[in-house]
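Engineer: what follows is a predicted structure for the sequence shown.
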Amino acid sequence: MSVRVGAVLASAGVDAGLVRSMCGVDPDDRIRIVPAPRWLRLLWRGRFAAMALGGRILVRPDVLGSATLGELLVHELVHVGQWRRMGFVRFLAAYLRSYLGFRVRGLAHLEAYRRIPLEVEARETARLILDRSRHP
Ligand SMILES: [Zn+2]
C-alpha cells in the first residue's frame, strides 16, 4: 500500500504549508498510510477510523477511498507531530494517564477518550487547518 499522504491532502484541498507549520510534520516525509489490521479493527469496534503509530497512519480499509480521508489524515498528522515532539513513551504515558484518569472519575469510554488533552489538541488543530485551507 503506497498511498501518499501529500497527494490525499492535495486532493482534499488541504494546505500542506499549514500542516507543516501547525503539526510540525511534512506530509511527504516518510509517512505511510496502511490499512488497519483486523485485530485493531476489532478493538475499534467501528467507533474509530484511523490511528497514528510512529511514521504510519493505520486506516480502516473502507475509509481509504472515501471523501473524508483527507480530514481524517489531518487529525492523525497532528498526532504524528505529538509523537515526534514527545517521543513514544511520553506520548503513550500521557495519553493513557489522561484516559484512565477520566475513566476512574466515572466517564464512559467515548467521553473519556474525547477529553484526552492530546485528542482535544488534535481536533482543534485539525479544525483550524481545515478552516484556513478552505478560507485562506
Ligand atoms: Zn485522535
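Structural biologist: Thanks, I have the structure now. Numbers count the residues shown, from 1 in each chain.
Engineer: distance-wise, check the residue nearest to Ala112 when sequence neighbours are not counted relative to Ala93.
Structural biologist: In space, and not counting its chain neighbours, Ala112 is closest to Phe102: 3.6 Å by Cβ to Cβ, 6 or more residues apart in numbering. Glycine gets a C-beta too; all of them are placed from N, C-alpha and C. Phe102 sits 15 Å away from Ala93, going by Cβ to Cβ, to the nearest Å.
Engineer: more neighbours: the two, which one.
Structural biologist: More crowded of Phe102 and Ala93, by other Cβ atoms under 10 Å: Phe102, with 18 against 12.
Engineer: for the residue lying closest to Leu18 once chain neighbours are set aside, which residues are in contact?
Structural biologist: Excluding the flanking residues, the one nearest Leu18 by Cβ to Cβ, 6+ apart is Ile129, at 4.8 Å. The contact partners of Ile129, by Cβ atoms under 8 Å, 6 or more residues apart in numbering, come to Val14, Asp15, Leu18, Val19, Met22, Cys23, Val74.
Engineer: between the residues you listed, which is nearest the ion?
Structural biologist: When the contacts of Ile129 are compared for distance to the ion (Cβ to the ion), Val74 wins out at 10.7 Å.
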